[in-house]
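*Asks:* need a 3D model of the sequence below.
(chains A and B)
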There are 2 protein chains.
Amino acid sequence: MAGPGALGLTDDAAIFAPPVGRELVVAADAMVENVHFLPDDPPDTVGRKLLRCNLSDLAAMGARPEGWLLTIARPPSIEDQWFEGFCYGLKEDQILFELGLLGGDTTSTSGPLVLSLTILGSVLPGHAIKRQGIHAGDGLWVTGTIGDGALGLRALQGQVDDPTGYLTHRYRLPQPRVGAPLYGLASGAMDVSDGLLQDTAHLGRENALGVTLHVDAIPFSPAARECGPEWLETCLTGGDDYELLFAVPPDKEDTLLRSPFLATVTGNVPVTRIGSFDQDSNGVRVIDSNNKVLSFKKSGWSHF
Amino acid sequence: MAGPGALGLTDDAAIFAPPVGRELVVAADAMVENVHFLPDDPPDTVGRKLLRCNLSDLAAMGARPEGWLLTIARPPSIEDQWFEGFCYGLKEDQILFELGLLGGDTTSTSGPLVLSLTILGSVLPGHAIKRQGIHAGDGLWVTGTIGDGALGLRALQGQVDDPTGYLTHRYRLPQPRVGAPLYGLASGAMDVSDGLLQDTAHLGRENALGVTLHVDAIPFSPAARECGPEWLETCLTGGDDYELLFAVPPDKEDTLLRSPFLATVTGNVPVTRIGSFDQDSNGVRVIDSNNKVLSFKKSGWSHF
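*Replies:* The predicted model follows:
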């Protein structure tokens, strides 16, 4: 798994020549067995999921993947065969997303498997998209569809039907929108990881703006629609979407809609305007097509 | 704890402008409660120890600290007060070693506390010291004293006396030799983390050379000498030293000994020639002043 920069991972540290004329973007995330993944998830999806969550953070900043480091606290219950599958998945994604392993550490633990991943990406100076920078009147947009991951988890728990396996797949293998052309279009962005409502609230709060969400505009997959309206709240609060949530000023909407929204690996991604920012309110207001305000018990997700 | 580059840690990732004209050096290490630290270690030393182990990796490469990322898998048993002490220690060291927090993540776990730290440092291009590059005839040198950390752990376990607390302090708070002037002097280097014998064997193997260690030359602290000769093996195989182990060609020895060996934070560090590399053998041979070969049961340490 070691990239050339990792010196075969035999040195104390790896040397990484930052791409000339670019800023680095760095992020770290941890995943714990039974909190973020299930012991019977296929091993090749477990590491991939963590890597892809981190890639989604880079995507939200408009950054290109460069390299990654991984530490593993491994319980004795994890067998070598499981571990091989785990590494196989990571190798595949390392090639797919064009990034090199820069370091890592494996240690033992008496508790559940804990994975921690640091990702390094790069952007042209000043081109990183931040959460702040959004103005009242900007539209709120999202890539792909919302709720599939949360429903996929419920399918694995036997709570919803998933005859095609689509929802389960979306839960286990997020599709980070790396390379999406946010720069020049988005005034602010983040990725949806803790649930659409909670993450929308983050974007609003960090820009001191209120947000109105049009529930009828929110994009759902056919598989999610099949689950029925009683799962709406789960879709909006469930998390594990790893889609991009971004603000676009009105005068940029034409440009956004005129060209395909091309991500490097996942290709042309649909984008949907689901709401707008205003300065007269705070928090998130969800309305239906009759302007009726909907209320939900939960605003976000703290994993299962 | 967030440095300015971390955007107050509210964004998905932090932007980091790499220092102009320098290469980056990156490393990651994990620590697990009951494996790498004890539940009753003072909380302010626990995070510091992890940070300092990573700083020691940078020191071994001749790199300057730049920034760090930390993920924490936190069991419910860790109380807020403990956590405050933990963060306090890290803040202190962040200032002392002049590096900025670039990101992190906290998650829950049902198992022991797991900490994972990624460190970013920088070197002038080509100036990083690697493990490879050592030639037969080069001397083997070490900074500071060996065995204090391992004896400090035994003191905490009630196996040895530590009337002054010196050994315990050395176990809990390594002194990474950041800024030590290895460039231009050392032909290869690493830090001693898994025990002098095992790490010396690594250096030999990675350069396809044998190593002879002169046991009477190995520097021990007065507190370690107090423990008596029956603890020699523990000192040589116990780990947790975080001193620099480096090779110096014979024609550089004068230069090495003529100037103080100044580390940024720990100041002037004693350096001692403890052995030499040769091409006629492999492995590590430990001899006394009568050229008698000593043998040990253990070659290194896999933590407790």
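*Asks:* for chain B, give me its nearest residue in the stretch 101-250 of chain A.
*Replies:* Residue nearest to chain B within the stretch 101-250 of chain A: A:Gly111 (1.3 Å; Cβ to the nearest Cβ). In short, each C-beta sits where N, CA and C put it, glycine included.
*Asks:* that residue: how many residues sit nearby?
*Replies:* 21 (other Cβ atoms under 10 Å in any protein chain shown).
*Asks:* could you check the pLDDT of the closest residue to it other than its chain neighbours?
*Replies:* Of all residues beyond its chain neighbours, the one nearest A:Gly111 is B:Gly111 (1.3 Å), with distances taken as Cβ to Cβ, 6 or more residues apart in numbering or on different chains. Here, the pLDDT recorded for B:Gly111 equals 95.
*Asks:* ok, B:Gly111 touching A:Val114?
*Replies:* Yes - at 7.3 Å, B:Gly111 counts as touching A:Val114 under the criterion of Cβ atoms under 8 Å.
*Asks:* which neighbours do these two share?
*Replies:* Common contacts of B:Gly111 and A:Val114 (Cβ atoms under 8 Å, 6 or more residues apart in numbering or on different chains): A:32, B:73.
*Asks:* mind checking the SS state of the residue nearest to A:Gly111?
*Replies:* Under DSSP: H, G, I helix; E, B strand; the rest coil, B:Gly111 falls in the coil class.
*Asks:* gap between it and A:Leu113?
*Replies:* 9 Å (Cβ to Cβ, to the nearest Å).
*Asks:* give the residues shared as contacts by these two.
*Replies:* A:32, A:75.
*Asks:* with just CA atoms, put stretch A:282-292 into CSV.
*Replies:* In CSV, the C-alpha atoms belonging to stretch A:282-292 read as follows (Å, rounded to 0.1, in the frame of the first residue of the first chain):
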residue,chain,number,x,y,z
ASN,A,282,-32.3,31.9,12.1
GLY,A,283,-32.2,28.2,12.1
VAL,A,284,-33.7,25.9,9.4
ARG,A,285,-37.3,26.1,8.3
VAL,A,286,-38.6,23.2,6.3
ILE,A,287,-41.7,24.0,4.2
ASP,A,288,-43.9,22.0,1.8
SER,A,289,-45.4,23.3,-1.5
ASN,A,290,-48.3,24.9,0.4
ASN,A,291,-45.8,26.9,2.5
LYS,A,292,-46.7,24.8,5.5
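*Asks:* around chain B, which positions in the stretch 101-250 of chain A sit nearby?
*Replies:* Contacts of the stretch 101-250 of chain A with chain B, taken as Cβ under 8 Å from any Cβ of the partner chain, map to A:102-112, A:114, A:116, A:118-121, A:123, A:125, A:128, A:130-131, A:190-191, A:206.
*Asks:* so which of those are in strands?
*Replies:* Among these, the residues falling in strands (DSSP state E) are A:102-108, A:114, A:116, A:118-121, A:123, A:190-191.
*Asks:* stretch A:196-211: which residues count as buried?
*Replies:* A:196-207, A:209-211 (16 or more other Cβ atoms under 10 Å in any protein chain shown).
*Asks:* pLDDT of that stretch, averaged?
*Replies:* According to the model, stretch A:196-211 has a mean pLDDT of 96.
*Asks:* where's it relative to the chain centroid, distance-wise?
*Replies:* 17 Å (Cα atoms, centre = their mean, to the nearest Å).
*Asks:* helices of the stretch 1-150 of chain A, start to end?
*Replies:* A:43-61, A:80-96, A:148-156 (DSSP state H, counting those that start in this stretch).
*Asks:* is A:Leu257 in a helix, a strand, or coil?
*Replies:* helix.
*Asks:* hang on, the earlier thing: okay, the helices of the stretch 1-150 of chain A in JSON lines with distance to A:Ala14 and mean pLDDT next?
*Replies:* Formatted as JSON lines, those follow (distance: least, Cβ to Cβ, whole Å; pLDDT from 0 to 100):
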{"stretch": "helix A:43-61", "distance to A:Ala14": "17", "mean pLDDT": "95"}
{"stretch": "helix A:80-96", "distance to A:Ala14": "14", "mean pLDDT": "93"}
{"stretch": "helix A:148-156", "distance to A:Ala14": "32", "mean pLDDT": "96"}
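*Asks:* need those helices in JSON lines (columns: mean neighbour count and distance to B:Leu58).
*Replies:* Shown next, in JSON lines, are those (neighbours: other Cβ atoms under 10 Å in any protein chain shown; distance: least, Cβ to Cβ, whole Å):
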{"stretch": "helix A:43-61", "mean neighbour count": "26", "distance to B:Leu58": "23"}
{"stretch": "helix A:80-96", "mean neighbour count": "16", "distance to B:Leu58": "25"}
{"stretch": "helix A:148-156", "mean neighbour count": "25", "distance to B:Leu58": "38"}
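*Asks:* buried subset of the ones in strands among the residues of the stretch 101-250 of chain A next to chain B, written for ChimeraX?
*Replies:* The buried residues among these can be selected in ChimeraX (16+ other Cβ under 10 Å) with this line:
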select /A:102,103,104,105,107,114,116,118,119,120,121,123,190,191
